[in-house]
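Enquirer: how would this look folded up:
(chains A, B and C)
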Amino acid sequence: MAWRFSFRAVGWLLALIGGLLLVARLAIAAANSEFIEGTFASFEVIVPLMAGLHAALLFAPDDEPALELLLAAPRPAAYLIYERLAVLIVLQGGLALALSVLTVVITHGEKLITPMIGYGENLITLMIIWIAPTVCIVGLCLLATLYARRTAFGVLTAIMICVAMAFGREVILPTFPNLWFTIFYLDARAVTPEQYFANRAFLLGVGVVALALVLRRMRDEEALLGYSEAKNG
Amino acid sequence: MSKLNAIARYELLMAWRRRSLPILWLLLLVGSIFFTTLVANSSRPTADADQADVVESTLAAADLPEWAQGIDMLVVEHTVGLFSVVITGMVFFMVGVTLLMGEVIPLDRQFKVRELLDTLPISRATYLVGKLLGAWIGVLLGILIGGALCVVAIRLILGIYDLRVFAVMWLVMLTPMALVAAALSVLAGSFFGSRRTAVLVGLLVLPFVMTLAMVAVPTLGGIGALIEPIYALVVQMEPSAATNTLIGQRIEDTLLVFAGVVLAAWTVVWGWMRVRSAR
Amino acid sequence: MIEIENLTKTYRGKVNALNGVDLAIGTGMFGLVGPNGAGKTTLMRILAGLLRASSGRVVVFGHDLSHYEERQSAKANLGYLPQDLGLYPNLNATEFLNYMAILKGMTDKRERGRQIDGLIENVRLTDVAKRRLKTYSGGMKRRIGIAQALLGDPKLLIVDEPTAGLDPEERVRFRNLLADMAADRTIILSTHIVEDISQSCNALAVLRGGRVVFHGTPGDLIERARGHVWALTMAARQRPDERLTVVSSLQMQTGTQYRVVGDAADSTDVVQVEPSLEDGYLWLMQGQAVVG
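Expert: Here you go, the predicted structure:
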């Protein structure tokens, strides 16, 4: 019952849109070999954006119907996040994983983004590309929504992160080259494999820390209900 | 009129207090100033710049047509660079407007005030126009305040530039686009009863608004040419009154299309509200 | 004057909320009672211009509510307090009331301010008038709801469960406030607290299954139950006959004393007692009374 409620609360629209965009990109690559090169990169752009938007919609205290009832239930409030996050992972992650497999099968042996991290163009490479930024943006967007109390701010965070990252590779990085470790869409050919892995590890770490902060916040029922804010008027 | 005024005024007050307006204005400022910094960094000569580059730049200025002689090319370079600053500010602002303004009408339902409002002697049109006006005034205030702050910030970060051209670009590019985004967001959101759904709808409206913006930017960005021919996006070798008329006409047409889009959306929503209340 | 003729409201799914309601409501306080789902809220929403009748005719102070323009005109004289009232959490009480007052058409700023101050005083919220509404307790929100309904001195006041969530003192104050106002206007009060009606209404209607099953004065309804209300004392673990409706029970050392409605004349240890409005309502709901 709780899972069904979580599935309804999370929704599937954004996963569907993300999936359709990836399928479309894959279809273009399959139809025209000229477009194969950007196929892996399209995962890096589409999966984190859609997962970030989706995460922003997971739990906003001000927009949550029956928040008091949910928090008064005997089980810990953090279970709400666990359940919804699990649904999000199944929907977004499952879809991205399935399409990753499909992509590797379709493009295997073709000219991809060689020499990618020195490991070739296999499933592991593709997963490394999209998992770290996805975890990072999911954590940050969940955190933004939870602290701002409203879905819109989390969604804005997702879009702004992606816009900043798009600028990041083309504009920020040439101006501030020391920021390479923060960039989602880091060109693997422009840095050493060690730098690339350090970048992915940093993004993953940021995401995990953000998720930990989310779960910590979920232990503070009073803050979730907004009472501390109300006292200050 | 006082009812319309009250709806708009209180909508503005509530948007401010629920932090939608400050965030929106901040987005505009951050987007613009952030990009100004990047423009400043890219236009500043690096320490190891070759002397030949400087010479080439001077020669390029000398190659300009006769009507453009005597124009300070540094000012021109900075001012042209501001075109991308305005576009970046506009993109940031429009994302915010589309996502944050859609909640205006759904919130009345989420807060359960709508039933009460429906018992008051206000027409559907007054209610809708009031909400729209409130959103528009918030957006316009952001454009004016953000613009004023940007004028100073750009001067400090980038150096000298043509204020007149920046001002018209800021107003003519940003204002209609932001007003259209706000209108579409408010009107599309009016079909729904929760802030969460309104955000989702905003996400669906966003690609349409951005496409509209990208199509209109080349036309609206040409407004600078009406002040100084050198700011035409397509280089004019022979500036003339006819060219200016053409630029003006294209801008006028684009603004008319915008008005048409808003009017069409308005008609759909108003018609829907009418049908719904007739049930 | 409010005239309701053969009013029917059918929702989607062929749910009949109102089924041929006929009522005439004049000046004074009019009570509306009935079990959950009887159609009270639907009737009040139709009177407030929120819903349209499926068939029948509703005229409020000469305005036929089947036309949009007429509904809008009728709203100019209306004060409405819905059962589930929401407020703007980021406004304070004064701002909220000022907003509602302007939308009600009160254009004179001085008069508006005077009335708002008076109402805030009346509902005893002066000390917290500048605090945001999101910080208010449930009862305080209800009192703001009452204040907004009274704004503009409306000729018709429709209040749905107005005293729910109020403390006993506030309930009495509000009841008296309504009773004072009822002299020159129509007040329709829907409530489950029958005591509120018995203390303040000069007429009432009982709805059941979308039909009016009683229309008259509280005294008429009380009279219907006369001779059918009993007090009986029973030993522990004994219960009154299932055909009797238990109004109240009181545990005593000698057993349990029950107040019941029904035909208990043949029972032992019963004493006939004076009926109240609540007894009258329960007797009516038992379906043993003749439809009024």
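
Enquirer: show me where the chain has helices.
Expert: Because you didn't say which chain, this covers chain A. Under the criterion DSSP state H, chain A contains helices at A:2-10, A:13-31, A:39-56, A:67-72, A:78-88, A:94-107, A:123-148, A:151-167, A:173-175, A:193-217, A:221-225, A:227-231.

Enquirer: wrong one, chain C
Expert: Under DSSP H, chain C gives helices at C:40-47, C:68-75, C:93-103, C:109-122, C:138-150, C:168-181, C:194-200, C:218-225, C:277-285.

Enquirer: want to throw those into CSV with distance to chain A?
Expert: Placement of C-beta: from N, CA and C, glycine included. Output for these, formatted as CSV (distance: least, CB to the nearest CB, whole Å):
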stretch, distance to chain A
helix C:40-47, 21
helix C:68-75, 30
helix C:93-103, 13
helix C:109-122, 18
helix C:138-150, 12
helix C:168-181, 22
helix C:194-200, 28
helix C:218-225, 38
helix C:277-285, 32
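
Enquirer: which of the helices of chain A has the lowest average pLDDT?
Expert: Note on these: helix A:227-231 shows the lowest mean pLDDT, a mean of 55.

Enquirer: could the helices of chain C be laid out in a markdown table, adding mean pLDDT?
Expert: As requested, these are exported to a markdown table (pLDDT from 0 to 100):
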| stretch | mean pLDDT |
| --- | --- |
| helix C:40-47 | 92 |
| helix C:68-75 | 87 |
| helix C:93-103 | 95 |
| helix C:109-122 | 93 |
| helix C:138-150 | 90 |
| helix C:168-181 | 84 |
| helix C:194-200 | 82 |
| helix C:218-225 | 90 |
| helix C:277-285 | 89 |
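
Enquirer: I'd like those helices laid out as CSV, including distance to chain B and mean neighbour count.
Expert: Shown next, in CSV, are these (distance: least, CB to the nearest CB, whole Å; neighbours: other CB atoms under 10 Å in any protein chain shown):
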stretch, distance to chain B, mean neighbour count
helix C:40-47, 8, 24
helix C:68-75, 4, 19
helix C:93-103, 4, 23
helix C:109-122, 10, 15
helix C:138-150, 7, 22
helix C:168-181, 18, 16
helix C:194-200, 22, 20
helix C:218-225, 28, 19
helix C:277-285, 28, 23
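
Enquirer: hmm, residue C:28 is touching residue C:187, no?
Expert: Yes - applying CB atoms under 8 Å, one finds residue C:28 in contact with residue C:187, separated by 7.3 Å.

Enquirer: the two: who's more crowded?
Expert: residue C:187 (24 against 16; other CB atoms under 10 Å in any protein chain shown).

Enquirer: list the contacts for the more buried one?
Expert: For residue C:187, the contact set (CB atoms under 8 Å, 6 or more residues apart in numbering or on different chains) comprises C:28-30, C:156-159, C:178, C:181.

Enquirer: among those, which lie within strands?
Expert: C:28-30, C:156-159 (DSSP state E).

Enquirer: out of those, which end up buried?
Expert: Buried subset of the ones in strands among the contacts of residue C:187 (neighbour count, 16 or more other CB atoms under 10 Å in any protein chain shown): C:28-30, C:156-159.

Enquirer: could you tell me which residues of the stretch 1-150 of chain B lie near chain C?
Expert: Residues of the stretch 1-150 of chain B lying near chain C by CB under 8 Å from any CB of the partner chain: B:2-3, B:5-7, B:10, B:13-14, B:17-18, B:111-113, B:115-123.

Enquirer: which ones, among those residues, also lie beside chain A?
Expert: Answer for the residues of the stretch 1-150 of chain B next to chain C near chain A (CB under 8 Å from any CB): residue B:18.
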